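**Student:** Model the following, please.
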Amino acid sequence: MPDAVLPVPGLPVARSGAAVPLGPLTTLGVGGTADRLVVAEDEEALVAAVTDADATGRPVLLLAGGSNLVIGDGPVAGDVVVIRTTGTADVEGPAPSGDAPTVLRTVAAGEPWDAVVARSVADGLAGLECLSGIPGAAGATPIQNVGAYGQEVADTVVAVRALDRRTGRVVRLTAEELGFAYRDSVLKGRADHVVLDVTFALERSALGRPVRYGELARAVGAEDGRRVPSAELRDAVLALRRGKGMVLDPGDPDTRSAGSFFTNPILDDDAFARLRTLVARRLGDGVEPPAFPADPGRTKTSAAWLIERAGFARGHARPGAAISSKHTLALTSRGGGAADLLALAHEVADGVRDAFGVALHPEPVLVGVGW
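**Tutor:** The predicted structure is shown next:
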């Protein structure tokens, strides 16, 4: 995330023996304390910090942008390793389809993600422009296959270099080996790999990839599937995200969030048929839930639509937490702790399940808290 929204300047390279607050290192601003915090400013330090902790049996929590993370209110055992590695390297390479010049751009895991996107647009490299404004660090993007406005990193990731904690060796995982799926990869929910850098295949073009998202197409006045300048797409995405409180702004309490808190449900045919029946019963005949093709025999629907139709309005609040006043999917901290945020999340998820029989699942990584 940009330094301007990291309210802990001058973090020490190592700090132990004291309760170090972790909330200021997350976009939510909640979380307990760490007994030992290590800041890794280069790859060598990152590998050393993790292997040293593993050798002595200390648990490790990796923390970079802190944007897709909910840390519990209690103390975090072991080492918290803050990833601040930097660096970008380019190699000319053929496009996977062979139809356009491509640059293979390798980015260190600790690079702030939006800066990576901004740099690619400024350099005339297409493929990441619709992922503008997403907080966090580059190394986290392949773990949950970050996506927005019709793009996801699976579209451009070629490979990830990672430390395999089981062997102590640095390995290269190809896109195929990463097993990308909707907001998922083989790295998600596992602690045995530490991402060191990510390589993206970016098209050398001032035009962004074809627009595939209706809201964005309307914003730029383009038909679905058309190509428009990457810089124009970036500006439009930032404006759309800003209107939803999804661009980090220290002056906007709605940005004290982990982004979208719930993933959009993907339902099999039977489950989607039951949803349609419950929607008609609750909202009236002729009302249909949003439906987007997913895997064969499966349909993706909108978590935000379900939340709103279950009776949760923007701004809905309980002590210490509230739904964003700009976007129903964002749950925001309002002076409370992780327990307050999770209480709101369960209230919303229970309401959607009771109204429509659909289970909502959290998108952020939960540390020290259950679901």
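
**Student:** Please, where are all the strands along the stretch 151-300 of the chain?
**Tutor:** For the stretch 151-300 of the chain, strands defined by DSSP state E, counting those that start in this stretch occupy the ranges 151-152, 157-164, 169-174, 193-204, 257-260, 266-268, 292-293, 298-300.

**Student:** Determine the set of other helices and strands touching the strand or helix carrying residue 36.
**Tutor:** In the assignment (DSSP states H and E), residue 36 maps to strand 33-40. When contacts are defined as 3 or more CB pairs under 8 Å, 6 or more residues apart in numbering; DSSP states H and E, strand 33-40 sits against strand 14-21, helix 43-56, strand 76-83. Every residue, glycine included, has its C-beta placed from N, CA and C.

**Student:** ok, residues contacting stretch 103-111?
**Tutor:** 40, 43, 46, 64, 83-93, 116, 120, 123, 125, 137-140, 158, 195-202, 204 (CB atoms under 8 Å, 6 or more residues apart in numbering).

**Student:** any weak-confidence spans in this protein?
**Tutor:** The model of the chain has pLDDT under 70 over residues 1-18, 94-99.

**Student:** residue ranges for the helices of it, please.
**Tutor:** 43-56, 113-122, 175-178, 214-220, 230-243, 269-283, 303-309, 338-356 (DSSP state H).

**Student:** and of the ones you listed, who's closest to residue 191?
**Tutor:** helix 43-56 (10.0 Å; CB to CB).

**Student:** Which members of the contacts of stretch 103-111 are classed as buried?
**Tutor:** Among the contacts of stretch 103-111, those classed as buried by 16 or more other CB atoms under 10 Å are 40, 43, 46, 64, 83-85, 88, 116, 120, 125, 137-140, 158, 195-202.

**Student:** What degree of burial does the closest residue to residue 51 other than its chain neighbours show, as a neighbour count?
**Tutor:** Excluding the flanking residues, the one nearest residue 51 by CB to CB, 6 or more residues apart in numbering is residue 168, at 5.8 Å. Residue 168 is flanked by 12 other residues according to other CB atoms under 10 Å.

**Student:** Residue 254: which of the helices and strands packed on strand 33-40 is closest?
**Tutor:** Smallest distance to residue 254 across the helices and strands packed on strand 33-40 (CB to CB): 22.5 Å, for strand 14-21.

**Student:** domain ranges for the chain?
**Tutor:** As assigned by automatic domain parsing, the chain contains the domains 3-83, 88-243, 253-367.

**Student:** wait, what's in contact with residue 326?
**Tutor:** With contacts defined as CB under 8 Å, 6+ apart, residue 326 is in contact with 243, 244, 245, 246, 254, 314.

**Student:** same check, this time on residue 307
**Tutor:** 262, 323, 328, 329, 348, 351, 352, 360.

**Student:** And these, which of them are buried?
**Tutor:** Judged by 16+ other CB under 10 Å, buried ones among these: 262, 323, 328, 329, 348, 351, 352, 360.

**Student:** Need these in CSV (columns: distance to residue 34).
**Tutor:** Below are those laid out as CSV (distance: CB to CB, whole Å):
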residue, distance to residue 34
262, 28
323, 29
328, 33
329, 29
348, 29
351, 34
352, 34
360, 30
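
**Student:** can you tell me which two in these are farthest apart?
**Tutor:** The distance between the two most remote of the buried ones among the contacts of residue 307 (CB to CB) is 14.1 Å, for 329 and 351.
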